[in-house]
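1. would you be able to build a 3D model of this:
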Amino acid sequence: MRITETADLWYKNAFIYCIDMEVYLDSNNDGIGDIDGMCQRIDYLAEIGVTCIWLMPFYPSPRRDSGYDIADFYGVDQRYGDHGDIVELIRTAHDRGIRVIIDLVINHTSDQHYWFRRSRASTDNPYRDYYVWRGDTPPDTSDQTMFPDSEDGIWTQDEKTGEWYLHHFLHTQPDLNTANPQVRDEISKIMGFWLQLGVDGFRVDAVPFAINQTTLIEIDDDEMAEPHDYLRALRSFMQRRASGQGAAIMLGEVNLPHEEQRAFFGGSDGDQLSMQFDFFTNQKMFLSFARQDAAPIEEALKSRPTDLNEEVQYANFLRNHDELTLDLLTEDERNEVLDTFAPDEEHRFAGRGIRRRLPTMFEGDPRRLKLAYSLLFSLPGTPVLYYGEEISMGENLDVPGREAVRTPMQWSSEKNAGFSSASPSKVARAVTEGSYGPEHVNAGISRREQDSLLHWITRLAKRYRESPEIGWGDANIIEQPHRCVLAYRMVWEDHTLVLLHNLASEPVQVPFALSDEGPGTLLMDLMVDDTFELDGESSTEARLDGFGSRWLRIKREGDPRLV
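-> Have a look, this model is predicted:
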């Protein structure tokens, strides 16, 4: 494969950046971030190497769940702007070589959505079966809700008809009945609308809930032969509608073990989700960070299915806009991570996760942060960064629930962190204070300090983009004697990259062998001016500082890339 061919599946070597528009930049000083503010920061994103923006919901919403309770899938919340502004944002991003994906929520709507207001009007309303209703009293489902701190279960009785409706999230977010072909048609129209405006795909919310046939109701014997047929249909529709503008993607939120995620990719056919967030590896990474032991990460990488279609991809992340969920770990493992990174009750969310950002979990240690992001950009797959991660933003625990990590972007040390000139009382969410406040942590400072995390991430992004081995290759664990060291190589055709990461605070010498490489083979460090040569036994060793890392490319004759 020529390197030019990798552009056809652009997402396999992308750098995705997630933005909560409400708190990114306020251009009209009403205290709320907006689309025009986003446009003003496109060049900043291009500068640090971002190639794809993921916009969290900007639709009209009562905002009971940070905009994921959507009242109009075709609309733009007037606080942010209008459709013309969205088109300008997409066009400006595309001009800078940045693609744009948006949230597609197919599992639920707001209870203020027109469909649900009609659905709850009567039991024989044409919209009744757009949602999941039951007439009998449901059993105890308190263990199934995603918000155990605020919901008693996943069924709520509606006063109008006396029946219960399903909601896996808040009771103000009734679940859609995607077994209903009319609902499926509506969702396709929504996708088609936004594709026509120029978006490059969708981050698909809560996918397993949307196709869970144990809670859906079949309509007029229109039974989906198999629940995953719906994902196949969505993928096929998207590809048809996007065929004139390049490959569009569906990046799915599927918090399941790898073997179960395989089905959501479409197995070896790869005809369902284009990408999935790798929640299992994410949680194992934090177990490794807590133990300073590479074994959990190795376990996660080895558990990824090996027969996936070439066109699908895992998306790697450290933190996101929700809590750091730990539900795929055992109870003992989960408690180990919680005790290490969330020792106080206020750090925790719903007993299963952490509502902190990475810098505070790592107590501000720049070495650990740089190690973590080196790992993020070098793991097989596509890196996803949450806004503010690049400048070491912390959370504000005074902000309730999961929104503790959704505070205004800290651009400068000026009023409201340079996010807005409005009165602080009008700002959408409270700015972080204390040692992680904007007087100490902001993008302006980070751009000027050459050893900042921002400059490190910018460098990582450049090396990652120059190394399609990471996005396209296969990972092979390299044997070496240190439990604290993760050593693996990414192989893509005749290109090889050796990655070494020391998860412990003490420096180590790492001996390793590459038995299929000849003596005299050179390994060039992509981050510093250093070279290693394999000896007569095809071995060498590299020093790793405490929390240090190495990116070593095997120098091949005829490889035109600079090192």
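
2. run the chain-centre distance for stretch 170-180.
-> Centre-to-centre, stretch 170-180 and its host chain are 23 Å apart (CA atoms, centre = their mean, to the nearest Å).

3. stretch 185-203 now?
-> 20 Å.

4. same thing with stretch 465-473?
-> 19 Å.

5. H482: what's its closest spatial neighbour, skipping adjacent residues?
-> Of all residues not flanking H482 in the chain, V508 sits nearest, at 5.2 Å (CB to CB, 6 or more residues apart in numbering). Yep, even glycine has a C-beta here, placed from its N, CA and C like the rest.

6. and what of I3?
-> Using CB to CB, 6+ apart and skipping residues adjacent in sequence, the residue nearest I3 is P468, 6.3 Å away.

7. how about Q112?
-> A71 (4.5 Å).

8. packing partners for the lengthiest helix in the chain?
-> Scanning the chain for the longest helix, with DSSP state H as the assignment, gives helix 181-196. Applying 3 or more CB pairs under 8 Å, 6 or more residues apart in numbering; DSSP states H and E, one finds that helix 181-196 contacts strand 99-105, helix 228-241.

9. put the alpha carbons of the first one into PDB.
-> Output of strand 99-105 as PDB, limited to C-alpha atoms (Å, rounded to 0.1, in the frame of the first residue of the first chain):
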ATOM      1  CA  ARG A  99     -13.000  17.300   9.400                       C
ATOM      2  CA  VAL A 100     -16.100  17.800  11.600                       C
ATOM      3  CA  ILE A 101     -18.200  15.000  13.200                       C
ATOM      4  CA  ILE A 102     -21.300  15.600  15.400                       C
ATOM      5  CA  ASP A 103     -23.200  13.700  18.000                       C
ATOM      6  CA  LEU A 104     -26.000  11.500  16.700                       C
ATOM      7  CA  VAL A 105     -28.200  10.400  19.600                       C
END
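
10. neighbouring strands of it in the sheet, and parallel or not?
-> Strand 99-105 has the following strand partners under DSSP bridges: strand 52-55 (parallel), strand 201-205 (parallel).

11. only alpha carbons, please: show the next helix or strand after the shortest one as CSV.
-> The one in question is strand 52-55. Next helix or strand after strand 52-55 toward the C-terminus (DSSP states H and E): helix 83-95. Once non-C-alpha atoms are left out, helix 83-95 reads as follows in CSV (Å, rounded to 0.1, in the frame of the first residue of the first chain):
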residue,chain,number,x,y,z
HIS,A,83,-27.5,26.8,10.5
GLY,A,84,-25.6,29.4,8.6
ASP,A,85,-23.0,29.6,11.4
ILE,A,86,-22.7,25.8,11.4
VAL,A,87,-22.0,25.8,7.6
GLU,A,88,-19.4,28.5,8.1
LEU,A,89,-17.7,26.5,10.8
ILE,A,90,-17.6,23.3,8.7
ARG,A,91,-16.2,25.2,5.7
THR,A,92,-13.6,27.0,7.8
ALA,A,93,-12.5,23.7,9.4
HIS,A,94,-12.3,22.0,6.0
ASP,A,95,-10.2,24.9,4.7
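
12. relative to helix 181-196, how tilted is helix 83-95?
-> Angle, helix 83-95 to helix 181-196, by axes from the mean of the first three to the mean of the last three CA atoms, to 10 degrees: 60 degrees.

13. how about residues contacting helix 83-95?
-> Here helix 83-95 makes contact (CB atoms under 8 Å, 6 or more residues apart in numbering) with 34-36, 38-39, 42, 53, 58, 76, 99-100, 197-199.

14. give me that answer again for 6 Å
-> Residues from elsewhere that reach helix 83-95, judged by CB atoms under 6 Å, 6 or more residues apart in numbering: 35, 38-39, 42, 76, 100, 197-198.

15. mean confidence score for it?
-> Helix 83-95 shows a mean pLDDT of 98.

16. ditto for stretch 265-282
-> For stretch 265-282, mean pLDDT rounds to 97.

17. please apply the same query to stretch 56-69.
-> Here the average pLDDT along stretch 56-69 is 96.

18. likewise for stretch 337-344?
-> Across stretch 337-344, pLDDT averages out at 98.

19. with stretch 251-261 instead?
-> pLDDT averaged over stretch 251-261 gives 97.

20. list the buried residues for that stretch?
-> By neighbour count on 16 or more other CB atoms under 10 Å, the buried set for stretch 251-261 is 251-256, 258, 261.

21. likewise stretch 81-101?
-> Across stretch 81-101, burial judged by 16+ other CB under 10 Å covers 81, 85-86, 89-90, 92-93, 98-101.

22. now do stretch 494-510
-> By 16+ other CB under 10 Å, the buried positions in stretch 494-510 come out as 495-504, 508, 510.

23. what's the closest of those residues to V405?
-> The closest of the buried residues of stretch 494-510 to V405 turns out to be L503 (CB to CB; 23.5 Å).

24. check what pLDDT Q213 gets.
-> Q213 carries a pLDDT score of 67 in this model.

25. as JSON lines, the buried residues of stretch 494-510 with secondary structure and distance to S378 would be great.
-> Listed next are the buried residues of stretch 494-510 as JSON lines, based on DSSP: H, G, I helix; E, B strand; the rest coil; distance: CB to CB, whole Å:
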{"residue": "H495", "secondary structure": "strand", "distance to S378": "14"}
{"residue": "T496", "secondary structure": "strand", "distance to S378": "13"}
{"residue": "L497", "secondary structure": "strand", "distance to S378": "8"}
{"residue": "V498", "secondary structure": "strand", "distance to S378": "10"}
{"residue": "L499", "secondary structure": "strand", "distance to S378": "5"}
{"residue": "L500", "secondary structure": "strand", "distance to S378": "10"}
{"residue": "H501", "secondary structure": "strand", "distance to S378": "8"}
{"residue": "N502", "secondary structure": "strand", "distance to S378": "13"}
{"residue": "L503", "secondary structure": "coil", "distance to S378": "14"}
{"residue": "A504", "secondary structure": "coil", "distance to S378": "18"}
{"residue": "V508", "secondary structure": "strand", "distance to S378": "18"}
{"residue": "V510", "secondary structure": "strand", "distance to S378": "15"}
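
26. can you redo those as JSON lines with distance to D398 and pLDDT?
-> Shown next, in JSON lines, are the buried residues of stretch 494-510 (distance: CB to CB, whole Å; pLDDT from 0 to 100):
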{"residue": "H495", "distance to D398": "49", "pLDDT": "91"}
{"residue": "T496", "distance to D398": "49", "pLDDT": "95"}
{"residue": "L497", "distance to D398": "43", "pLDDT": "97"}
{"residue": "V498", "distance to D398": "45", "pLDDT": "98"}
{"residue": "L499", "distance to D398": "39", "pLDDT": "98"}
{"residue": "L500", "distance to D398": "40", "pLDDT": "98"}
{"residue": "H501", "distance to D398": "35", "pLDDT": "98"}
{"residue": "N502", "distance to D398": "36", "pLDDT": "98"}
{"residue": "L503", "distance to D398": "32", "pLDDT": "98"}
{"residue": "A504", "distance to D398": "34", "pLDDT": "98"}
{"residue": "V508", "distance to D398": "41", "pLDDT": "98"}
{"residue": "V510", "distance to D398": "43", "pLDDT": "98"}
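
27. which of the residues you listed sit farthest apart?
-> H495 and A504 (29.6 Å).

28. out of the helices and strands packed on helix 181-196, deepest packed?
-> With neighbours taken as mean count of other CB atoms under 10 Å, the helices and strands packed on helix 181-196 reach their highest mean count in strand 99-105, at a mean of 23.

29. distance check, D307 against E47.
-> Here the distance between D307 and E47 works out to 39 Å (CB to CB, to the nearest Å).

30. more crowded one of the two?
-> E47 (13 against 7; other CB atoms under 10 Å).

31. could you check how far the more buried one is from G75?
-> Going from E47 to G75 by CB to CB gives 32 Å.

32. which stretches of this structure have low pLDDT?
-> Residues of the chain meeting the criterion pLDDT under 70: 1-2, 213, 218-225, 243-246.
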